[in-house]
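1. Sharing a model that was predicted from the sequence below.
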Amino acid sequence: MEKTLKLKPVMKKIKQGGTNLKHVAILQSILKHTSEVCIHQQNGASRNKVFVQKDGHLEAVFDANGVLVQDGINDGSYNYCHPAEGPLRHFSFDISPWIVWGQTRTDPTTVKSRIYAYMGDLEGGIRRALASMRIPGHIGHPIRNYIGHLNRRESATQYGMISATFVAGSEWVADIVPD
């Protein structure tokens, strides 16, 4: 994958300390605030809901009828790295391979369509990262912090984001829908 993404010069620059730590911190904040909803709503599946296990590793995607999505395009997957606790590693080890190879061997989507879908999620991540910087004393993700404390089926809307629904007493929390 390193050759496919042409990462060798970037990796060399990082190893030699040639990266601006401020830029890395900004990128990390954006990725930490980036949900993964649009990438599970490709090919018109705009009503899919994404759930991520609290440990950040397992994902489940359900369609509008509550049926587990297993179409080889929008399926939930296993995350090697926690999206919020290690956003740069998550992007490197979970998102980048998906962009290059797709969800499954039979995934008919193109690299271009996967990048386009991820850009929808990334746009919301940028907005939420900027919003979090304007909140005095705020640490972390406003919606995730709120959702993590609820224990029954509800919806939460904050900072103009569409409701995120989650299941009571579960180890799963809903990923937020980009605004």
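-> Noted; the coordinates are in hand. Numbers count the residues shown, from 1 in each chain.

2. okay, CA-based contacts and neighbour counts for the rest of this
-> Will do.

3. Identify each buried residue in the longest helix seen in the chain, please.
-> The residue-count maximum for a helix in the chain (DSSP state H) belongs to helix 111-133. Within helix 111-133, the residues that qualify as buried are 114-118, 120-129, 132, counting by 16 or more other CA atoms under 10 Å.

4. Which neighbouring elements make contact with that helix?
-> helix 21-32, helix 96-101 (3 or more CA pairs under 8 Å, 6 or more residues apart in numbering; DSSP states H and E).

5. Report the backbone C-alpha coordinates of that helix in CSV.
-> In CSV, the C-alpha atoms belonging to helix 111-133 read as follows (Å, rounded to 0.1, in the frame of the first residue of the first chain):
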residue,chain,number,x,y,z
VAL,A,111,-11.5,4.9,-5.8
LYS,A,112,-13.0,8.2,-7.0
SER,A,113,-16.4,7.4,-5.6
ARG,A,114,-14.9,6.3,-2.3
ILE,A,115,-12.9,9.5,-2.0
TYR,A,116,-16.0,11.5,-2.8
ALA,A,117,-18.0,9.6,0.0
TYR,A,118,-15.1,10.2,2.5
MET,A,119,-15.0,13.9,1.6
GLY,A,120,-18.6,14.1,2.8
ASP,A,121,-17.6,12.8,6.2
LEU,A,122,-14.4,14.9,6.2
GLU,A,123,-16.3,18.1,5.6
GLY,A,124,-18.4,17.5,8.7
GLY,A,125,-15.1,16.6,10.6
ILE,A,126,-13.7,20.0,9.6
ARG,A,127,-16.8,21.8,10.8
ARG,A,128,-16.9,20.0,14.1
ALA,A,129,-13.2,20.4,14.7
LEU,A,130,-13.6,24.2,14.2
ALA,A,131,-16.7,24.2,16.4
SER,A,132,-14.9,22.4,19.2
MET,A,133,-12.2,24.9,19.2
